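> Provided below for reference: sequence and predicted model.
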Amino acid sequence: MEEDDEYIQAKINYVGFADAYGLEGVLVLKSDDGKEFHMRAFSGEVARHIARFQTGDKLSIPTVYNLIDEIAEMNNLLLTEIRVYQSGSVLRANLYFNGKGDTIVLRNYRASDSIALAAYYDIPIKVRKNMFEEPK
């Protein structure tokens with residue numbers, strides 16, 4: 001079971017592309033104490049959504065994000081935070097929804113899409129502490 005103290009809140013510090021064609025996204029998350037976590041190997045399309053959401057352009061959202069929004073609204077749920085962690089060689093995230101006194105956790109979703117949802121809803125992004133540490 002994951003504990004809250006295993007995670008550090010981070011903000012999106014940079015969104016861009018790893019290639020000239022914009023096919024691979026790059027993202028830098030930064031903690032309040034200045035530590036950074038660099039993320040790449042996700043679609044350039046998701047990077048563009050994150051960048052758009054950060055600038056306040058939330059008029060249109062991708063269908064899959066809209067699906068989550070509609071299901072949450074129908075069930076009086078509110079996405080309140082995401083938590084990013086490493087699972088093997090890939091990054092995953094848990095999505096935390098609150099409603100009617102209950103917390104519902106959707107586990108093991110793609111970190112990039114989860115971060116896009118966090119940018120859309122302006123909610124906290126928490127990253128496992130050990131992901132900020134330097135390799136030894």
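Good, I have the coordinates. Predicted model, so just to flag it, every value in this text is computed and none were measured.

> backbone phi and psi for the residue most central in space within the chain, please?
Most central in the chain under CA atoms, centre = their mean is Ile115, positioned 1.7 Å from the mean C-alpha point. When read as degrees, to the nearest 10, the backbone of Ile115 gives phi -70, psi -40.

> And what about Leu29, helix, strand or coil?
Classification of Leu29 using DSSP: H, G, I helix; E, B strand; the rest coil returns strand.

> partner residues bridging it?
Ile12, Phe37 (DSSP bridges).

> Touching, it and Arg40? I think so.
No: in this structure Leu29 lies outside contact range of Arg40 using CB atoms under 8 Å: 12.0 Å. For glycine as for every other residue, the C-beta is placed from the backbone atoms N, C-alpha and C.

> Could you check which of those two is surrounded by more residues?
Set side by side, Leu29 and Arg40 show more neighbours around Leu29, with 24 against 15, by other CB atoms under 10 Å.

> List the residues that contact that one.
Listed by CB atoms under 8 Å, 6 or more residues apart in numbering, the contact partners of Leu29 are Ala10, Lys11, Ile12, Asn13, Glu36, Phe37, Met39, Val84, Ile115, Ile125, Val127.
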